[in-house]
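[1] Starting from these lines, generate the structure:
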Amino acid sequence: MRRRLFILWGLLVFMMMQCFWVMGYSTRDNPPVFGIVHQNDSSIVFAREHLDYNEYYFVELQKVQKNGNTQTLLRIWGPSDYDKVEIRSPKGKSVFLIEDTSIPIPTPQIGEDRWYTVDLNEWIQLPNPDSCQIRLHRPNGKYYTVTAKRLLACARQLTGNMLPQDKVKEPKPYGPFYSIFYPNVSLEQVRNTFAYYLNGPSKIGNSKIYRKGNCHYLMSTKLPLIAFLLEGQSGHGLATFKEVAGGVWMDMDFWSIGYTQYGYYCSTLVDDEVKNIGMEAVAMTYRHLVPFADYGIALNGGYNKSNPTIDTVNLTKHPELAAVQHGDKVLSINGIDLKASKNYSVEYMLTYGNAPLSITLQRKDNPPYTVEVIPQMNVPMHADVDVTAEVMKEERQHIKEEKLWQFWPQMPLPEVFDPMQSPDTHMDSPLTTPLLKGART
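    Coordinates of the predicted model:
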């Protein structure tokens with residue numbers, strides 16, 4: 001029995017560790033998170049912790065740097081039944097925070113959202129900083145707490161006053177795994193079309209679209225998101241949508257979320273089939289609604305395959321690809337190094353690009369060579385087709401709204417950084433933002 005418990009505990013620890021180390025940057029991980037976000041002209045270093053060990057309550061410290069100015073904010077997301085916020089030292093010295101009601105609260109969302117302007121220097125001067133608490137005082141005399149050790153260590157790092165016991169590493173780039181912009185369409189169009197293609201045609205032998213079972217999804221009525229899973233496969237996807245001036249952003253991430261007798265865990269170990277279905281539905285939604293480029297190149301394998309290689313090329317439309325052969329390795333596109341990447345990075349540039357692509361390839365041990373590929377632009381495939389009725393027919397695939405918590409990672413919904421920026425602001429994806437800039441004019 002003791003051996004079984006040891007094995008289970010080891011497995012749980014391994015799963016939890018998977019949440020903190022993903023592709024060299026922070027995706028939307030479980031707290032604690034220490035990351036840096038880039039959006040428009042601002043960069044935000046932030047630290048996120050659970051409040052009172054509740055996986056759906058968060059406290060988040062943000063240092064916003066923009067146009068040569070710096071502002072530090074504390075965001076408390078989740079609880080609503082408190083009226084005072086105190087950072088308290090065990091020696092009785094405290095700092096009380098005043099809510100900044102000038103900060104706009106995004107809608108729609110679930111959970112209470114409050115923001116406070118803070119003075120980092122005041123924080124770090126509290127005695128016994130490693131034992132300080134953040135207390136949310138409730139009218140009944142009780143309070144929520146979070147140990148402020150990690151947040152205060154981050155505050156000291158942000159002010160250049162690190163202590164020997166501080167164990168805060170440099171913040172990693174943070175943001176959505178996969179971001180796509182759909183110009184000149186509505187949020188409802190994008191969301192319904194994406195839901196439609198989640199159960200698109202299945203074909204044995206095509207690793208991008210073959211599925212062994214139906215894709216089940218939750219289309220929330222409270223938040224602009226779709227959570228989806230594939231029968232018989234581990235993990236799920238979460239796509240969130242944001243309508244801005246000129247179009248719609250879709251952000252997509254993948255997790256495995258579950259519970260054991262030891263508590264809640266999150267893992268990034270997701271089956272390839274789940275990623276294939278999600279990314280292919282995103283691409284089909286784009287071609288359905290938006291003018292798209294054809295570069296005449298198909299890759300071997302599904303989206304999550306490592307070391308991208310060529311499967312076929314269309315010489316009828318792209319005679320400039322005559323030198324390219326099956327099995328040639330993709331080394332770079334427009335100067336972006338892709339030789340150690342996965343197919344989804346190359347597919348992203350081929351699907352959402354509109355600029356000429358300079359593609360460097362290599363055949364076995366031969367010297368690398370480069371081809372210049374001109375995009376052939378196409379009109380949307382089905383922009384005049386309303387898929388809403390088809391989606392409604394898939395009711396047996398729908399997951400009930402109350403099960404959203406089974407798909408929800410440990411982060412506020414929506415995530416907000418630098419709340420005083422324009423509501424049209426979108427957070428950069430560490431993976432896809434550079435790819436998009438490299439593939440579009």
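
[2] So P356 is in contact with E372, correct?
    Yes - taking contacts as C-beta atoms under 8 Å, P356 lies within contact range of E372: 6.2 Å. The way it works is simple: take the backbone N, C-alpha and C, and place the C-beta from them, glycine included.

[3] give me phi/psi at L269?
    Dihedral pair for L269: phi -80, psi 100, per degrees, to the nearest 10.

[4] ah, wrong one, I meant N343
    phi -50, psi -30.

[5] what does M377 give?
    Given degrees, to the nearest 10, the pair of backbone angles that M377 has is phi -80, psi 140.

[6] Equivalent analysis for K172, please.
    The phi/psi pair for K172 (degrees, to the nearest 10) reads phi -90, psi 150.

[7] what bridges to it?
    Under DSSP bridges, the beta-bridge partners of K172 are G35.

[8] can you check the one 10 residues further on too?
    Per DSSP bridges, residues listed as beta-bridge partners of Y182: V248.

[9] Count the neighbours of it for me.
    25 (other C-beta atoms under 10 Å).

[10] Counting neighbours, go ahead and name the busier of P356 and E372.
    P356 (15 against 10).

[11] The nearest residue to that one once chain neighbours are set aside - how many residues pack around it?
    Excluding the flanking residues, the one nearest P356 by C-beta to C-beta, 6 or more residues apart in numbering is I374, at 5.4 Å. The number of residues packed near I374 is 13, by other C-beta under 10 Å.

[12] ditto for K167
    So K167, with other C-beta under 10 Å, has 9 neighbours.

[13] Dihedrals phi and psi, it?
    The phi/psi pair for K167 (degrees, to the nearest 10) is phi -120, psi 50.

[14] ok, which stretches of the stretch 251-400 of the chain are helices?
    Counting by DSSP state H, counting those that start in this stretch, the stretch 251-400 of the chain has helices at residues 272-289, 343-352, 388-393.

[15] Reformat the ones you listed as JSON lines; add distance to L163, mean neighbour count and mean pLDDT.
    Shown next, in JSON lines, are these (distance: least, C-beta to C-beta, whole Å; neighbours: other C-beta atoms under 10 Å; pLDDT from 0 to 100):
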{"stretch": "helix 272-289", "distance to L163": "42", "mean neighbour count": "23", "mean pLDDT": "95"}
{"stretch": "helix 343-352", "distance to L163": "40", "mean neighbour count": "23", "mean pLDDT": "98"}
{"stretch": "helix 388-393", "distance to L163": "55", "mean neighbour count": "13", "mean pLDDT": "78"}
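
[16] got CSV for the ones you listed, with distance to R211 too?
    Output for the helices of the stretch 251-400 of the chain, formatted as CSV (distance: least, C-beta to C-beta, whole Å):
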stretch, distance to R211
helix 272-289, 6
helix 343-352, 17
helix 388-393, 17
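
[17] looking at those, which is closest to Y196?
    Of all the helices of the stretch 251-400 of the chain, helix 388-393 sits nearest to Y196, with 5.4 Å by C-beta to C-beta.

[18] immediately after the closest one, which helix or strand?
    helix 432-439 (DSSP states H and E).

[19] helices or strands up against that following helix?
    strand 178-183, strand 336-337, helix 343-352 (3 or more C-beta pairs under 8 Å, 6 or more residues apart in numbering; DSSP states H and E).

[20] Let me have the ones you listed in JSON lines, adding distance to V282 as columns.
    Output for the helices and strands packed on helix 432-439, formatted as JSON lines (distance: least, C-beta to C-beta, whole Å):
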{"stretch": "strand 178-183", "distance to V282": "6"}
{"stretch": "strand 336-337", "distance to V282": "20"}
{"stretch": "helix 343-352", "distance to V282": "8"}
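
[21] Distance of N334 relative to Y57?
    44 Å (C-beta to C-beta, to the nearest Å).
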